[in-house]
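A.B. asks: sharing a sequence plus its predicted fold:
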Amino acid sequence: MTDQNDIWNQLIRHREGQGDTRIETLFAQDPARAQGFATSALGMVLDWSKTTIDAGARDLLLQLAAPVAARRAAMFAGERINETEGRAVLHTALRSPDGRVEVDGRDIMAGVRDTLAHMRDFATRLRDGRFTGQGGRITDVVNIGIGGSDLGPAMAVRALAPRHDGPRVHFVSNVDGADIADVLKPLDPETTLVIVASKTFTTIETMTNAVTARRWMAEKVRTPAAQFAALSSAQGRTAQWGIDADRVFGFEDWVGGRYSVWGPIGLSLMIAIGADRFDEFLAGGAAMDAHFQSAPVAENLPVLLALIGIWHHQICGYATRAVLPYDNRLARLPAYLQQLEMESNGKRVAMDGSDLTRPSGPVVWGEPGTNGQHAFYQLIHQGTAVVPCEFILAAKGHEPHLAHHHLLLVANCLAQSEALMRGRSLDQARALMAEKGLTGDELERQARHRVFPGNRPSTTLLISELTPRTLGQIVALYEHRVFAEGVILGINSFDQWGVELGKELALQVAPLLEGKDVPGHDPSTNRLAGLVRELRGG
Ligand code: F6P
């Protein structure tokens, strides 16, 4: 077997050997490139032909994926692949309730099915008015959670807005009181259900918001706990809150926070769209699981996405990647993917604790098109940094009476990837300026501002329509992409030690702000805390 290091080195040499070869040249050399460098599965098409990956690079990248298969098998078999926390990684079990998975010889699926049935029963009773608040039918649901206990359901609830037929669903995540104040302001405590979503039930932001929500509800409601539900692995703590076990939905430690939308953390989504559509969302995720496990590497969407990311970040050295959904309802997808990708693969040591010898995951960012076009696309087209762009596009919109909007949306998306690749040469820019009547030095000066270097890579993920099922496919696609990338980089994608230090220090900074003398803080932090006290008036 070829040594992985050797393949990395070959890839680096291959990239160097490409010199200034343009993507357009690759198209000219290979008339079938648009088909050959596009992969279809589950009704989705991933077009990666507008990248600098050529046949040689593709072959090497596919070899780089060799370690994925064994690790993937270990994950689906329930082995404790999250080695730094000693946990199995089985969020996939949540979306295959009919499957059979064991952890340490114990079947976990009966529990998965029971919890799903419990969620279905509660969501259905709430939606049809059998579960009520003190003031009658529940009109509003507030999910209080942060990170993985917020981003997944918040993203999915927004994405599937056309399927909403339940109570209104709102999200509070930030410890900034502005967040909860704005959300609760228009709501009636007597007809509101508060869901406290926290795997650990200790997260300071969530518990602070939950206390505030309980106080708000207590102003009008005799037994606020009766209008609270909890989504958590810490059932002892939910009981201390007085939340009836009937409204507590638990999950086990083999579901990581950022992978948890498929189970109880998705309750707000189930309430918004109904249990049957939630099942479709799960089925979409399960279909992607089956694809990931069975498709050959060269046709495996998650593996290919991982390899494309590695080509851009680790081989070409592009520091960031932009996720650009041309779907306004996917507005929270970039934020969701930021946690998924950066909390998973933003690491500095390998699984065995040794320093990584290659960069870990890139910065991920983005906004929906077309809004981003009028903001940061300037830099993407003409800035000095190359930003690989990942476009996501649905062929059909949800507003048949606004089909002309959708046509323009799609046209813009396709135009952007074409413009990024083609660019505009100096000669073309000169011709434009000449047409405008400019001559001499002024023509030259103005032309240079209008040059687009082009050759900027992008991929396009095309789906037919954003539905619960296709959303499930997309989310699972990215989850497995992150996993495959992590395996190739030798990273544990399932822990998140990097968030702990700041959390600990925040607890030690809080007393400083109350004017207490806390030794051990640095001079800048002491001074800033003092200034805050002064500006607050003591
Ligand atoms: O910020 C770290 C983190 O542990 C995330 O991984 C997680 O999604 C989030 O906090 C929320 O945690 P919890 O669900 O326990 O409140």
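C.D. replies: In hand now; what should we look at?
A.B. asks: L324: what secondary structure?
C.D. replies: Recorded secondary structure, L324: strand (DSSP: H, G, I helix; E, B strand; the rest coil).
A.B. asks: any idea how far it is from the ligand?
C.D. replies: Here the criterion is CB to the nearest ligand atom, to the nearest Å. By it, L324 lies 24 Å from the ligand. All C-beta atoms are positioned from the backbone trio N, CA, C, and that covers glycine.
A.B. asks: could you do E500 as well?
C.D. replies: Distance from E500 to the ligand, by CB to the nearest ligand atom: 8 Å.
A.B. asks: doesn't that residue belong to a helix?
C.D. replies: Yes. Using three-state DSSP, the assignment for E500 is a helix.
A.B. asks: ok, how many other residues are close to it?
C.D. replies: 9 (other CB atoms under 10 Å).
A.B. asks: pLDDT wise, what is T2 at?
C.D. replies: Looking at T2, its pLDDT stands at 66.
A.B. asks: can you check Q235 too?
C.D. replies: 85.
A.B. asks: which residues touch it?
C.D. replies: By CB atoms under 8 Å, 6 or more residues apart in numbering, the residues touching Q235 are 245, 248, 250.
A.B. asks: which of those are buried?
C.D. replies: Neighbour-count burial (16 or more other CB atoms under 10 Å) is assigned, among those, to 248, 250.
A.B. asks: pipe the contacts of Q235 into a markdown table and attach pLDDT and distance to G99 per row.
C.D. replies: Shown next, in a markdown table, are the contacts of Q235 (pLDDT from 0 to 100; distance: CB to CB, whole Å):
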| residue | pLDDT | distance to G99 |
| --- | --- | --- |
| A245 | 93 | 27 |
| V248 | 97 | 25 |
| G250 | 95 | 19 |
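A.B. asks: just the contacts of Q235 now: which is nearest the ligand?
C.D. replies: G250 (12.4 Å; CB to the nearest ligand atom).
A.B. asks: list the contacts of that closest one.
C.D. replies: 115, 232-233, 235, 264.
A.B. asks: buried only: go through those for me.
C.D. replies: Here, 16+ other CB under 10 Å leaves 115, 232-233, 264 buried among these.
A.B. asks: which of the contacts of G250 fall in strands?
C.D. replies: S232 (DSSP state E).
A.B. asks: turn the contacts of G250 into JSON lines, columns for distance to the ligand.
C.D. replies: Putting those into JSON lines (distance: CB to the nearest ligand atom, whole Å) gives the following:
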{"residue": "T115", "distance to the ligand": "16"}
{"residue": "S232", "distance to the ligand": "8"}
{"residue": "S233", "distance to the ligand": "8"}
{"residue": "Q235", "distance to the ligand": "13"}
{"residue": "P264", "distance to the ligand": "11"}
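A.B. asks: near E479, how many other residues are there?
C.D. replies: Count around E479 with other CB under 10 Å applied: 27.
A.B. asks: neighbours around the closest residue to it other than its chain neighbours, how many?
C.D. replies: Distances taken as CB to CB, 6 or more residues apart in numbering put Y259 closest to E479, at 6.2 Å, once the chain neighbours are dropped. Residues contacting Y259 under the criterion other CB under 10 Å number 26.
A.B. asks: any figure for the gap between Y259 and G148?
C.D. replies: Distance of Y259 to G148, given as CB to CB, to the nearest Å: 7 Å.
A.B. asks: near the ligand, which residues of the stretch 251-400 of the chain show up?
C.D. replies: Neighbours of the ligand within the stretch 251-400 of the chain, by CB under 6 Å from any ligand atom: 257-258, 343.
A.B. asks: got a winner among those for most neighbours?
C.D. replies: R258 (27 neighbours).
A.B. asks: right, and it touches I146 too?
C.D. replies: No. When contacts are counted by CB atoms under 8 Å, R258 is not listed as touching I146 (11.3 Å).
A.B. asks: what about the residue most central in space within the chain, helix or strand, and which?
C.D. replies: Residue closest to the average C-alpha location in the chain (CA atoms, centre = their mean): L337, at 2.0 Å. Here L337 sits within helix 333-337, counting by DSSP states H and E.
A.B. asks: could you tell me the end-to-end distance of stretch 293-309?
C.D. replies: 20 Å (CA to CA, to the nearest Å).
A.B. asks: other residues contacting that stretch?
C.D. replies: For stretch 293-309, using CB under 8 Å, 6+ apart, the contacting residues are 39, 41-42, 44, 46, 48, 51, 53, 58, 61-62, 64-65, 68-69, 72, 76, 288, 291-292, 321, 361-362, 388, 459, 477-485, 488.
A.B. asks: go through that stretch and flag the buried ones.
C.D. replies: Buried residues in stretch 293-309 (16+ other CB under 10 Å): 295, 297, 300-309.
A.B. asks: so for the residue nearest to W216 when sequence neighbours are not counted, what pLDDT did the model give?
C.D. replies: Spatial nearest neighbour of W216, excluding adjacent residues (CB to CB, 6+ apart): L184 at 5.4 Å. We note a pLDDT of 98 for L184 in this prediction.
A.B. asks: one more: G537?
C.D. replies: Predicted confidence (pLDDT) for G537: 89.
A.B. asks: the chain should start at 11 in everything you say after this.
C.D. replies: Taking 11 as the first residue, the last one we looked at is G547.
A.B. asks: what about it, neighbour count?
C.D. replies: The burial count for G547: 5, using other CB under 10 Å.
A.B. asks: flag every residue of the stretch 11-160 of the chain that's near the ligand.
C.D. replies: By CB under 6 Å from any ligand atom, the residues of the stretch 11-160 of the chain that approach the ligand are 156-159.
A.B. asks: and the two most separated of those residues?
C.D. replies: The most widely separated members of these, counting by CB to CB, are I156 and G158 (8.3 Å).
A.B. asks: could you find the closest non-adjacent residue to whatever residue of the stretch 411-548 of the chain ends up closest to the ligand?
C.D. replies: Nearest residue of the stretch 411-548 of the chain to the ligand: V509, at 4.0 Å (CB to the nearest ligand atom). In space, and not counting its chain neighbours, V509 is closest to E353: 7.2 Å by CB to CB, 6+ apart.
A.B. asks: would the one you found count as being in a strand?
C.D. replies: No. Counting by three-state DSSP, E353 is not part of a strand but helix.
A.B. asks: gap between it and F37?
C.D. replies: 37 Å.
A.B. asks: and the residue nearest to A164 when sequence neighbours are not counted, backbone torsions?
C.D. replies: Nearest residue to A164, sequence neighbours excluded (CB to CB, 6+ apart): F181, at 4.4 Å. Main-chain dihedrals, F181, degrees, to the nearest 10: phi -130, psi 130.
A.B. asks: check the offset of stretch 462-472 from the chain's centre.
C.D. replies: 21 Å (CA atoms, centre = their mean, to the nearest Å).
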